[in-house]
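[1] below is the sequence, then the predicted model.
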Amino acid sequence: MDLTNDDFCFGCGEKNPHGLHLSFEYSDEGDEAWTYFVPEKSHEGWEGIVHGGIIAVVMDETAAKLASRMVIRGVTGRLDVRYVKPALVGQRLEFRGRLLRQRGRIVEVAVEARRDDGTLVATCLAVIYRVQ
């Protein structure tokens, strides 16, 4: 499979006018990645509450960015999201991914989403497969 980055990724692509335009930071050890995201009204499901799909997108992107530092090209094979508390429109969230393990073509990443006050919003286990 040929994977080409045209900078239109919904999560991080700068050219996508409807995308989230996420940017990431990484630990010196390379085993963590994080981003901050402030959901807007257009990201809600119920009034004032962020749609769970948007939370999943940012978790997926966080895991993929971390995995991309270890493998050249990869795709998400599994994304198990657990929603704990509501994320609120206009309230900044931190998404932090941590490498759990890498073996062969597989990278496993745990991601947490937290409000600024530390409240856990969601957790995720992502499995990323290297594409050859």
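    It's in. Numbers count the residues shown, from 1 in each chain.
[2] list the contacts of stretch 58-69.
    Under the criterion Cβ atoms under 8 Å, 6 or more residues apart in numbering, residues 9, 11-12, 20, 22, 24, 26, 30-35, 37, 74, 76, 79, 81, 93, 95-99, 107, 109, 111, 113, 122, 124, 126, 128 lie in contact with stretch 58-69. C-betas here are computed from N, CA, C, even on glycine.
[3] among those, name the ones in strands.
    In this view, those that belong to strands under DSSP state E are 26, 32-35, 37, 74, 76, 79, 81, 93, 95-99, 107, 109, 111, 113, 122, 124, 126, 128.
[4] give me the buried entries from the contacts of stretch 58-69.
    Buried members of the contacts of stretch 58-69, scored by 16 or more other Cβ atoms under 10 Å, are 9, 11-12, 20, 22, 24, 31-35, 37, 74, 76, 79, 81, 93, 95-99, 107, 109, 111, 113, 122, 124, 126, 128.
[5] pull up the gap between the residue nearest to residue 74 when sequence neighbours are not counted and residue 92, please.
    Take residue 74 and drop its neighbours on the chain: the residue closest to it by Cβ to Cβ, 6 or more residues apart in numbering is residue 128, 4.4 Å away. Distance from residue 128 to residue 92, counting by Cβ to Cβ, to the nearest Å: 26 Å.
[6] now do the contacts for residue 16.
    Shown in contact with residue 16 (Cβ under 8 Å, 6+ apart): 7-10.
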